[in-house]
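Student: Predicted model and sequence follow; I will ask about them next.
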Amino acid sequence: MIPKTFALPPELQANLTDLEGKQAQIKTEKNKELVVFWATWCPDCKDKIENHLPKINASKDVSVILVNTEKDIERVKKFVEKQQVKMPVVMDLDKKLRKELKISGVPGWAVYKRENKKAPWTLITKENAYDEKKVKEALN
């Protein structure tokens, strides 16, 4: 079951929708966020979602947020169910988040950190291509 609430810097959530087409609800738990932009047609994205990102998400410090870049919510729902994705999935239907972060490819990513639950979020880095080494460096 995909969590209905998840962590993400509040200023970034306004235009994101959940897989029911409603505004994504935010509940902040951890102090590091790995936001990954993906698409159902992308084999590299599928590999990351199945093999790499669940391990990162299982850590006590990091939440992984999957931001789908497509417009077909039903297609995304089917993918999430078939792949049994356990990480939160949201839709960036108007591409506002991608545009703000200047992410043009998939799997693109961004890392946010904060000092504690009351501190503001800070963008640490962002990239258009997923690179495990760079992700690990950004999360440390």
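Tutor: Received, thanks.

Student: Can you list the residue ranges for helices in this structure?
Tutor: Under the criterion DSSP state H, the chain contains helices at 10-13, 43-47, 53-57, 73-83, 96-101, 132-139.

Student: Minimum distance to Lys30: which of those helices has it?
Tutor: Closest to Lys30 of the helices of the chain is helix 53-57 (CB to CB; 9.5 Å). All C-beta spots, glycine's among them, are computed from the backbone N, C-alpha and C.

Student: what's the closest one packed up against?
Tutor: Applying 3 or more CB pairs under 8 Å, 6 or more residues apart in numbering; DSSP states H and E, one finds that helix 53-57 contacts strand 32-38, strand 62-68.

Student: before we move on, the earlier item: could you export the helices of the chain as TSV, including mean pLDDT?
Tutor: Listed next are those as TSV, based on pLDDT from 0 to 100:
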stretch	mean pLDDT
helix 10-13	62
helix 43-47	96
helix 53-57	95
helix 73-83	95
helix 96-101	86
helix 132-139	94
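
Student: For these, could you give me TSV that also reports distance to Gly21?
Tutor: Output for these, formatted as TSV (distance: least, CB to CB, whole Å):
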stretch	distance to Gly21
helix 10-13	15
helix 43-47	22
helix 53-57	24
helix 73-83	6
helix 96-101	16
helix 132-139	30
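
Student: Would you mind saying which of the ones you listed lies nearest Glu29?
Tutor: Judging the helices of the chain by CB to CB, what sits closest to Glu29 is helix 53-57, at 11.5 Å.
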